[in-house]
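Asker: Kindly return the folded structure for what I paste below:
(chains A and B)
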Protein chains: 2
Amino acid sequence: MDRASHLADVLEQHHPAAAATLSALGRRLFFPQGIPAQSAEARGTRINATIGQITDGHGKPLALPSMLSCLGDLDPGEATLYAAQGGRSDLREAWRDHVRADDPGCGSRVSLPVATGGLTHALSMVADLFAGPGRPVLLPAPCWGNYRAIFGTRRQAPLIPWNLLRSTRGPDGWLDLDSLRDAVGSLEQPALLLLNFPSNPTGYSPTAAEVDGIVDIVAHSPVPLAVLTDDAYQGMWWEPDCYAHSLFHRLSLLPPDRVLAIKVDGATKEFLYFGGRVGFLTFGCEGPAADALDDKARGIARSVISSVSATAQVLVLHMLRDPGIRAQQDDVRERLRARYEALKAAIDRHGLRALPFNSGMFALLAVDGDAEALRLALLAEGLGVVAFAESSALRLSYGSVDRDDIDELVAGIARLARR
Amino acid sequence: MDRASHLADVLEQHHPAAAATLSALGRRLFFPQGIPAQSAEARGTRINATIGQITDGHGKPLALPSMLSCLGDLDPGEATLYAAQGGRSDLREAWRDHVRADDPGCGSRVSLPVATGGLTHALSMVADLFAGPGRPVLLPAPCWGNYRAIFGTRRQAPLIPWNLLRSTRGPDGWLDLDSLRDAVGSLEQPALLLLNFPSNPTGYSPTAAEVDGIVDIVAHSPVPLAVLTDDAYQGMWWEPDCYAHSLFHRLSLLPPDRVLAIKVDGATKEFLYFGGRVGFLTFGCEGPAADALDDKARGIARSVISSVSATAQVLVLHMLRDPGIRAQQDDVRERLRARYEALKAAIDRHGLRALPFNSGMFALLAVDGDAEALRLALLAEGLGVVAFAESSALRLSYGSVDRDDIDELVAGIARLARR
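Answerer: Now for the predicted structure:
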């Protein structure tokens, strides 16, 4: 039996929802038994002539002096030689511990995370595995525009929008659960549901009651679902009624014949390492099903980027192991929280209307008329914002604005919006 | 007109071969006018609320102290904030200078290189742009196994092998130009021809006369061709009759209505930065056609990895700017050359048969019987090599073997191969 058929059998037996939701490409994928696999087997041999990298012959790098002069205290081998396919195993273990530390007490299923070249790369791997013709993707509206490029332009999956937020507050919060229920209820083939909280671009996170609602809708889907939580902005919750965990954990406990939970997260925002390009892809299962999905994920990474930057992996591992890291993250989060409070106050003060926001680092301002024209007018005054023309809205990122500048930014928008 | 149609028109007019050889996905691709594009426009604004990264509000990073402690003399902003889509412009310019420095005096056409997440990522971008159903790929046999995953499994392009080396030396060298001529001559639709010198796994590079032969075959192709030179091992030429340049330069001068030259290279082997994951994708054209292909290349990168590791880009740029870097590279190359000489002598001494090799860091030993069984037997004796079972051969990488161990390695292979 070939490798892809073997993996299909494993998933049929141990995780029918994963088997049902894979795309045609996802079904074909496996980690090839080529050079990296043969190199892994040869680790520790006396003479290792397997891998196409240059060393002194005893595992030590021959990094150029010009490179060495930049590495500070980093180990030259760890920083410049190939990292394992799928990521360094110590980093993968450390990230699994990090994910488990967020478990809200439900005892979630967590596979060994696969390291990816940033969150976009993790999303593109999910697209390769679970999206495509015949495998629609349910996207919140509004959403990050790159989802359309990743799942639509590139993979040609049918994109089904559901309306994220109601125009008036419901009993449990602002989420438009009716729209989500309708979108899921109308599905006729296995699909991928994408959830993104704290949301980009709205900055909304659900309440605990709304999370119950989402889990209930997923549990009653008429078709097997892969449910992806894009947790890029995890940890940035500013209001006491925000559900302050990833939704992945509870979703991972739904029956494996109906639902596969998938988590995408990374060091980009959580550890303020935007340029590093270290993300992770984790599945809500363990045992043989997790191993089979890991094989497929490493298989697609192998043919798209091979491995993840070793230098960046070392730096992320260093942060994960630092006992003081939580306090350092909290310091930055307190700065963001102060900006959030200032932004809320400024929006009220200047009479603008924002979609509900309580978390993350964005707010979406509803504007009358042409959002793109307003963006260009603001640019001319030295104010940079992003236009979401299809929502007639402007996205503000307060991650990159000094608290003391927020009032001026909002005042400028209010002035030009009324012209 | 939509963006993809606009780019198609530009290519039809300025580079018909590029227009003809694009895959269906390649035709759809463009760089979306989303957040990165709007952020680029907002660069330098007084208050910039466009981009989803966290700074002090004045462009300076809020990198965590744990991260800062590892960065040595690197600039924290350059090392940890987002790099531009397509790569830092100073790095892209420096790499173009580096490519041009290899021009054999023919005045080649060289686009501004797009930075990629390593060479595999550059290859996968070429696959997305130019391979797929209806866009066959001509691969040398034997070749690096990952080509089949990148172009076949993932993109489902028909793979057409041509036989790389003759069994006896021809008048100009060992290349099987008849096989290449037959493969190209049999094409009935636009195709991608992949050339890889110094070759992985054989370690062969053509002579100047053989390069003339390749260029002639490409120039007389019955269909438009995209010709990709995978120059991973560029600069590692050990014999005086090796053609010591990339073939890209001469191919870039062929008529743009018939041939598009494409170059994939990177810091991985040339600058011994294996784990860094910095590669480049360059097209053999300039002006509007180069701009259109650049747009498409950044478009696919945006939906697959977004940007390339900023930390790794800084390190590569530092090396490119170091006036002593050539001498540092030459030091390593002299070590490799000494291993090459030792390997040639050992193969002769122990009566083994290698396919012709004169460059790079590999040699392919022909073995009788089951190469995989022989690999496992060698593993048990502490000797690690890679089996190319379909070629009944073992690949030795002398990049990772001490010169003083080469005789023992070859002796071990000879002993077990004769059992």
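Asker: wait, what's in contact with residue A:244?
Answerer: By CB atoms under 8 Å, 6 or more residues apart in numbering or on different chains, the contact list for residue A:244 reads residue A:237. In short, each C-beta sits where N, CA and C put it, glycine included.
Asker: and the gap between it and residue A:358?
Answerer: 11 Å (CB to CB, to the nearest Å).
Asker: Chain B contacts on the stretch 151-300 of chain A?
Answerer: Counting by CB under 8 Å from any CB of the partner chain, the residues of the stretch 151-300 of chain A close to chain B are A:153-154, A:200, A:269, A:271-277, A:299-300.
Asker: shared neighbours of residue A:244 and residue A:358, anything?
Answerer: residue A:237.
Asker: Mind listing what's buried along stretch A:217-225?
Answerer: Using 16 or more other CB atoms under 10 Å in any protein chain shown as the test for burial, stretch A:217-225 gives A:217, A:218, A:221, A:223, A:224, A:225.
Asker: what mean pLDDT does it have?
Answerer: Mean pLDDT, stretch A:217-225: 98.
Asker: before we move on, the earlier item: name the member of the buried residues of stretch A:217-225 with the shortest distance to residue A:130.
Answerer: residue A:225 (9.8 Å; CB to CB).
Asker: and that closest one, backbone torsions?
Answerer: phi -120, psi 140 (degrees, to the nearest 10).
Asker: Report the contact partners of it.
Answerer: So residue A:225 contacts A:17, A:21, A:184, A:187, A:190, A:191, A:192, A:193, A:218, A:258, A:259, A:260 (CB under 8 Å, 6+ apart).
Asker: Quick check: it vs chain B, distance?
Answerer: 23 Å (CB to the nearest CB, to the nearest Å).
Asker: how close does that residue sit to residue B:219?
Answerer: 54 Å.
Asker: same check, this time on residue A:263
Answerer: 52 Å.
Asker: contacting residues around the closest residue to residue A:131 other than its chain neighbours?
Answerer: Nearest residue to residue A:131, sequence neighbours excluded (CB to CB, 6 or more residues apart in numbering or on different chains): residue A:157, at 3.8 Å. Residues in contact with residue A:157 (CB under 8 Å, 6+ apart) are A:23, A:127, A:131, A:132, A:133, A:135, A:136, A:137, A:151, A:192.
Asker: Which residue, neighbours along the chain excluded, lies closest to the fifth one?
Answerer: Same thing as residue A:133. Counting by CB to CB, 6+ apart, residue A:133 lies nearest to residue A:156, which is 5.5 Å off, once chain neighbours are set aside.
Asker: The one you found is in what secondary structure piece?
Answerer: Secondary structure from DSSP states H and E places residue A:156 outside every helix and strand.
Asker: for the record, mean pLDDT for stretch A:48-63?
Answerer: 94.
Asker: can you check stretch A:294-301 too?
Answerer: On average, stretch A:294-301 scores 96.
Asker: Contacts for it, please.
Answerer: Residues outside stretch A:294-301 that contact it (CB under 8 Å, 6+ apart): A:3, A:7, A:22, A:25-26, A:29-32, A:85-86, A:111-112, A:114, A:116, A:121, A:125, A:128-129, A:281, A:283, A:307, B:149, B:153-154.
Asker: So for stretch A:186-202, first residue to last residue, what's the gap.
Answerer: The first residue of stretch A:186-202 is 25 Å away from its last residue (CA to CA, to the nearest Å).
Asker: same question, stretch A:50-57
Answerer: Start-to-end, stretch A:50-57 (CA to CA) is 11 Å.
Asker: That one near chain B anywhere?
Answerer: Yes - using CB under 8 Å from any CB, stretch A:50-57 reaches chain B at A:50, A:51, A:52, A:53, A:54, A:55, A:56, A:57.
Asker: hang on, the earlier thing: and the contacts of residue A:225, which of them are in strands?
Answerer: Judged by DSSP state E, the contacts of residue A:225 include A:191, A:192, A:193, A:259, A:260 as members of strands.
Asker: Which of these has the largest number of neighbours?
Answerer: residue A:260 (30 neighbours; other CB atoms under 10 Å in any protein chain shown).
Asker: Would you check that my belief about it contacting residue A:226 is correct?
Answerer: Yes - here residue A:260 reaches residue A:226: they are 4.7 Å apart, a contact under CB atoms under 8 Å.
Asker: Touching both of these two, which residues are there?
Answerer: Jointly contacting residue A:260 and residue A:226 under the rule CB under 8 Å, 6+ apart are A:17, A:18, A:21.
Asker: got the contact list for the first one?
Answerer: So the one you mean is residue A:17. Residue A:17 is in contact with A:190, A:224, A:225, A:226, A:255, A:256, A:257, A:258, A:259, A:260, counting by CB under 8 Å, 6+ apart.
Asker: want to try JSON lines for the shared contacts of residue A:260 and residue A:226, with pLDDT as columns?
Answerer: JSON lines is the format used below for the shared contacts of residue A:260 and residue A:226 (pLDDT from 0 to 100):
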{"residue": "A:17", "pLDDT": "98"}
{"residue": "A:18", "pLDDT": "98"}
{"residue": "A:21", "pLDDT": "98"}
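Asker: Let me know how buried residue A:326 is, in neighbour terms.
Answerer: 11.
Asker: which residues touch it?
Answerer: By CB under 8 Å, 6+ apart, no residues touch residue A:326.
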